[in-house]
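A.B. asks: sharing a model that was predicted from the sequence below.
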Amino acid sequence: MGAAAQREEPEPPLAAPVAAVAATPVGDPIQLVIDKIGVDTHFVPLELDDAGGLRAPETADVAGWHVGGPEPGEPGAAVVAGHYDSRTGPGVFYELAELEAGDEVVIGGEHGLAVFVVDRVETYSKEAVPAEVYTPTPEASLRLITCGGRFDEASRHYEDNVVVWTSLRGDV
């Protein structure tokens, strides 16, 4: 056998170890993209009203981020609200209830992107929205909220809230 035949093939390099992805806040959120339901909008800051409820955005075509809560991507439940509809037509979250487990929600901010994956979608009576929607969590998560259910003509409000529960995707 010649020297060339005795040479061993070098082993392929080992794959680089995958580090655990730490939650990285995006800073103040700027853009929200949910491809599955055609959402691509910007954010407005939202604060609590005098009764402690989250104010809704002033217009139906934007999403609002609760500025008193965590930034998207940092530990805790960042809360984003948007209108289902308005007198002039569908709002930014008109199809929010169509999301399913595994769908992606992307938030761009001043410091980068955070990609969240839908865990579940629930509808609650406005009087029975669980406190855990707003409760601090050890991991980065996102809650998307809009109106749903029956529209009450007398009060001019929907009776329910649709809440989308998400988790930060770990491979961004």
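C.D. replies: Good, I have the coordinates.
A.B. asks: list the contacts of Gly69.
C.D. replies: 76-79, 134 (C-beta atoms under 8 Å, 6 or more residues apart in numbering). Quick note: C-beta positions are derived from backbone N, CA and C, even for glycine.
A.B. asks: so where is this protein shaky, pLDDT-wise?
C.D. replies: For the chain, residues meeting the criterion pLDDT under 70 lie at 1-23, 170-172.
A.B. asks: endpoints of stretch 93-112, how far apart?
C.D. replies: One end of stretch 93-112 to the other measures 23 Å (C-alpha to C-alpha, to the nearest Å).
A.B. asks: helix, strand or coil for the spatially most central residue of the chain?
C.D. replies: Nearest residue to the geometric centre of the chain (C-alpha atoms, centre = their mean): Leu142, 4.3 Å. Classification of Leu142 by DSSP: H, G, I helix; E, B strand; the rest coil places it in strand.
A.B. asks: how about it, what does it touch?
C.D. replies: Neighbouring residues of Leu142 by C-beta under 8 Å, 6+ apart: 72, 77-80, 105, 107, 114, 116, 166, 168.
A.B. asks: looking at these, state which has the most neighbours.
C.D. replies: Pro72 (33 neighbours; other C-beta atoms under 10 Å).
A.B. asks: could you verify my assumption that that one touches Val105?
C.D. replies: No: assessed by C-beta atoms under 8 Å, Pro72 is found out of contact with Val105, at 9.2 Å.
A.B. asks: what's the overlap in contacts for those two?
C.D. replies: In terms of C-beta under 8 Å, 6+ apart, Pro72 and Val105 are both contacted by the residues 116, 142.
A.B. asks: for this protein, just list every one of the helices.
C.D. replies: Counting by DSSP state H, the chain has helices at residues 3-6.
A.B. asks: what are the boundaries of the strands in it?
C.D. replies: Counting by DSSP state E, one finds strands in the chain at the ranges 29-34, 39-46, 63-66, 76-82, 85-86, 89-90, 104-109, 112-125, 140-152, 157-168.
A.B. asks: make a markdown table out of those and add distance to Glu98.
C.D. replies: A markdown table is the format used below for these (distance: least, C-beta to C-beta, whole Å):
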| stretch | distance to Glu98 |
| --- | --- |
| strand 29-34 | 10 |
| strand 39-46 | 11 |
| strand 63-66 | 16 |
| strand 76-82 | 14 |
| strand 85-86 | 14 |
| strand 89-90 | 12 |
| strand 104-109 | 13 |
| strand 112-125 | 8 |
| strand 140-152 | 11 |
| strand 157-168 | 10 |
